[in-house]
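Okay, here's the prediction I keep looking at, along with the sequence it came from:
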Amino acid sequence: MSETTGIFVFALLGYLIGSVNFAVLVAKKHGVDILKEGSGNPGATNVKRVLGKGPGNLVFALDALKGFVGAGLPTLVGYVIATQGIDFIIQGDAFIHGVAGFVGTLLGHCFSCFLKFKGGKGVASTIGGLLVLLPIPILIGAAIWGLVFTLSRYVSLASIALGVSLPLSCFFLKHGQSQFWFAAAIAAFNVWTHRSNIGRLLAGTESRFAKKA
C-alpha cells in the first residue's frame, strides 16, 4: 500500500469510526433525544448537564476511545498483518498515517454522516487521539484543563486552554516541525469548534457548572 493510499484508507476508516455518536446513543438509552435537550450539542458536556455525571462521563470515555482507536489504526493494522504473517507492506511514515486516522475520526465526530453532518466539538476524541500521537503535550494540556475548569467552572474555556497549550508544549519540548504544526492545526480547529462558546463567554452568557456545597 502506497503512502497516499494509506492516508486515504486510514482517514476514511477514522471518519466512519468518528461518525458513531455515543452521546446520541447513551441519551437514547435513557429515553432522551440529546439533540433537542440542553444546548442541543451531541457531546459529553451536554449529556452530563442533561442526564448527570454518570452518563456524561461514559460518553466522554467512549469519545476518547474513538480518538485513541482512530489514531492507533496504523499500529493496529500493522500488528494484525505481522501476527497473521500476511505479505503486505504499508509504505510511509507511521506518524502521518496516525494523523490521517485521527483527523478522519475527529471530522467524523464533528460532522457525522449519521447525523446529517452535525456532531460534537471533539474535545474528548482529541484527547484520546493525542494520547497516541502527542502523549506528553496532551497530559500537560489535561492538567491545564483541570486547573482552568477548577478556577472558572467553564468547560468551554478549559477546553480552549487545552487546545492552545498543545503547540506551545510541542515548541518548548522541542518536538519536530511536523508535530508542532499538527498541534497548531488541532488548536486552531479546537478554537473554531468553540466559536459560539467564545461569543457567549465574551457576552457573559456561557453556562457554567456550579460548585457543589
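Cool, the structure landed. Numbering: from 1, shown residues only.

Tell me how many other residues crowd the nearest residue to K121 once chain neighbours are set aside.
With CB to CB, 6 or more residues apart in numbering as the measure, T193 is the residue that lies nearest to K121, at 4.5 Å, once sequence neighbours are left out. Backbone N, C-alpha and C define where each C-beta goes, glycine included. Other residues near T193 come to 23 when the count uses other CB atoms under 10 Å.

One more: G129?
Neighbour count of G129, defined by other CB under 10 Å: 31.

Distance check, it against F209.
According to CB to CB, to the nearest Å, G129 stands 25 Å off from F209.

Over to S152?
10 Å.

neighbour count winner among the two?
Here S152 and F209 are compared on neighbour count by other CB under 10 Å; more neighbours surround S152, at 16 against 13.

Can you name the residues that contact that one?
Residues in contact with S152, defined by CB atoms under 8 Å, 6 or more residues apart in numbering, are A158, R208.

what about 7 Å?
Shown in contact with S152 (CB atoms under 7 Å, 6 or more residues apart in numbering): A158.

Name the surrounding residues that touch stretch 30-37.
In contact with stretch 30-37 (CB under 7 Å, 6+ apart) are residues A23, V24, A27, P42, N46, V47, V50, L51, P55.

gap between the two ends of it?
13 Å (CA to CA, to the nearest Å).

quick one: the helices in this protein?
Listed in chain order, the helices of the chain (DSSP state H) span 3-18, 22-29, 44-51, 53-84, 94-110, 123-133, 135-152, 155-172, 177-193, 195-203.

got JSON lines for the ones you listed, with distance to E37 and mean pLDDT too?
Shown next, in JSON lines, are the helices of the chain (distance: least, CB to CB, whole Å; pLDDT from 0 to 100):
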{"stretch": "helix 3-18", "distance to E37": "22", "mean pLDDT": "90"}
{"stretch": "helix 22-29", "distance to E37": "8", "mean pLDDT": "96"}
{"stretch": "helix 44-51", "distance to E37": "5", "mean pLDDT": "92"}
{"stretch": "helix 53-84", "distance to E37": "12", "mean pLDDT": "88"}
{"stretch": "helix 94-110", "distance to E37": "19", "mean pLDDT": "91"}
{"stretch": "helix 123-133", "distance to E37": "19", "mean pLDDT": "91"}
{"stretch": "helix 135-152", "distance to E37": "22", "mean pLDDT": "94"}
{"stretch": "helix 155-172", "distance to E37": "17", "mean pLDDT": "93"}
{"stretch": "helix 177-193", "distance to E37": "20", "mean pLDDT": "90"}
{"stretch": "helix 195-203", "distance to E37": "17", "mean pLDDT": "91"}
